[in-house]
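Undergrad: curious how this folds, go ahead:
(one chain, ligands or ions: 1)
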Amino acid sequence: MFGLTRARKTAAVAATVAAAAAALLSAPTAEAADSRIVGGSTTTTSAYPFMMQITDASQNQFCGGTLVSATKVVTAAHCMVGESNSSVRVVGGRTYLNGTNGTVRRVSDIWIHPDYQDVTQGNDVAVLTLSTSMSYTPASYVGSSDTGVYAAGTTARILGWGTTSSGGSSSNQLRTATVPTVSDAGCASSYGSDFIASDMVCAGYTSGGVDTCQGDSGGPLLIGGVLAGITSWGEGCAQAGHPGVYTRLTTFSDEVTEQIGS
Ligand code: 4AZ
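TA: Okay, the predicted model is just below:
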């Protein structure tokens, strides 16, 4: 859904590519990307039971989400813009987009961060309340003081059914990959003032090749198995010098906890 955003950003970001490349020189390089999220490999919701499909009423997936309690799912605010309780379903335990198995739940509330305006202005977090509980093991998520988890170069795991190349097709099977977190300075070099360090964290290889892409939005960035980010935006997918941008969940942890208690 951010094709336009990316397209509009191309010119503005082009001037910073050289700086980005320089700033990211010390970051790790991708292993040979064998398969695809972009790069990565197939996996299952049995391996990641908290991994939810966010779908329309016809169960067509359009975003990812993370089950954090029996009735609460964390996703991206930008996934929920224009949606309503009746337009959304959450599907657990369904590894394949064309599957009919698993558990489908309606939602009784959609909380979008009250300050959310646009992905490049931060606050890209939403919490869905399920009408009925979902019996999959939820993920734990970072606390507000866990800010050390994002130290540059830390291995983070991404998950989703998104496209396996920019502008490509979605993956019928859930995919996963690991990417190193990028320093705030490196990410600012890539994205200039669109990168808001308080609200965002970047992850990806200097050389690109492994990334989230269209349709992965709302899904988890896991660090040490704990939900630490939400797939949010980026310039294209898997491009050298343009890491993926994730919601920095430590910033929103207390607000998420408040929603989970409500
Ligand atoms: C999207 O449109 C999207 N490469 C998700 C992640 C990234 C770009 C776009 C990051 O859902």
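Undergrad: identify the residue spatially nearest to the closest residue to the ligand within the chain, adjacent ones excluded.
TA: Taking CB to the nearest ligand atom as the measure, the chain has G234 as its residue closest to the ligand, at 2.8 Å. From N, CA and C alone the C-beta is placed, and that goes for glycine too. Residue nearest to G234 in three dimensions, not counting chain neighbours: G244, with 4.6 Å by CB to CB, 6 or more residues apart in numbering.
Undergrad: which strand residues bridge the one you found?
TA: Under DSSP bridges, the beta-bridge partners of G244 are A203.
Undergrad: which ones are touching it?
TA: Contact analysis of G244 by CB atoms under 8 Å, 6 or more residues apart in numbering lists I158, V179, C202, A203, G204, D211, T212, T231, S232, W233, G234, C237.
Undergrad: 6 Å instead, please
TA: For G244, the contacting residues are A203, G204, D211, T212, G234, by CB atoms under 6 Å, 6 or more residues apart in numbering.
Undergrad: okay, the residue of the chain closest to the ligand: pLDDT?
TA: Model confidence at G234, given as pLDDT, is 98.
Undergrad: same question for Q173.
TA: pLDDT at Q173 comes out at 98.
Undergrad: equivalent analysis for I37, please.
TA: pLDDT, I37: 84.
Undergrad: hang on, it packs against T178?
TA: No. In this structure, I37 is not within contact of T178 by CB atoms under 6 Å, at 10.3 Å.
Undergrad: okay, the two: which has more neighbours?
TA: Each of I37 and T178 has its neighbours counted (other CB atoms under 10 Å); I37 has more, 31 against 15.
Undergrad: thinking again about what came up before, next up, phi/psi of the residue of the chain closest to the ligand, please.
TA: The phi/psi pair for G234 (degrees, to the nearest 10) reads phi 170, psi 170.
Undergrad: mind listing what it touches?
TA: Applying CB under 6 Å, 6+ apart, we find G234 in contact with H242, G244, V245.
Undergrad: can I get these in JSON lines with pLDDT?
TA: Putting the contacts of G234 into JSON lines (pLDDT from 0 to 100) gives the following:
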{"residue": "H242", "pLDDT": "98"}
{"residue": "G244", "pLDDT": "98"}
{"residue": "V245", "pLDDT": "98"}
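Undergrad: distance of the residue of the chain closest to the ligand relative to T251?
TA: Distance from G234 to T251, counting by CB to CB, to the nearest Å: 19 Å.
Undergrad: list the buried residues for stretch 55-64?
TA: Buried residues in stretch 55-64, counting neighbours by 16 or more other CB atoms under 10 Å, are found at T55, Q59, Q61, F62, C63, G64.
Undergrad: and the fifth one, that one's in a strand?
TA: Yes. Going by DSSP: H, G, I helix; E, B strand; the rest coil, the assignment for C63 places it inside a strand.
Undergrad: wait, what's in contact with it?
TA: C63 makes contacts with I54, T75, C79, S217, G218, as judged by CB under 6 Å, 6+ apart.
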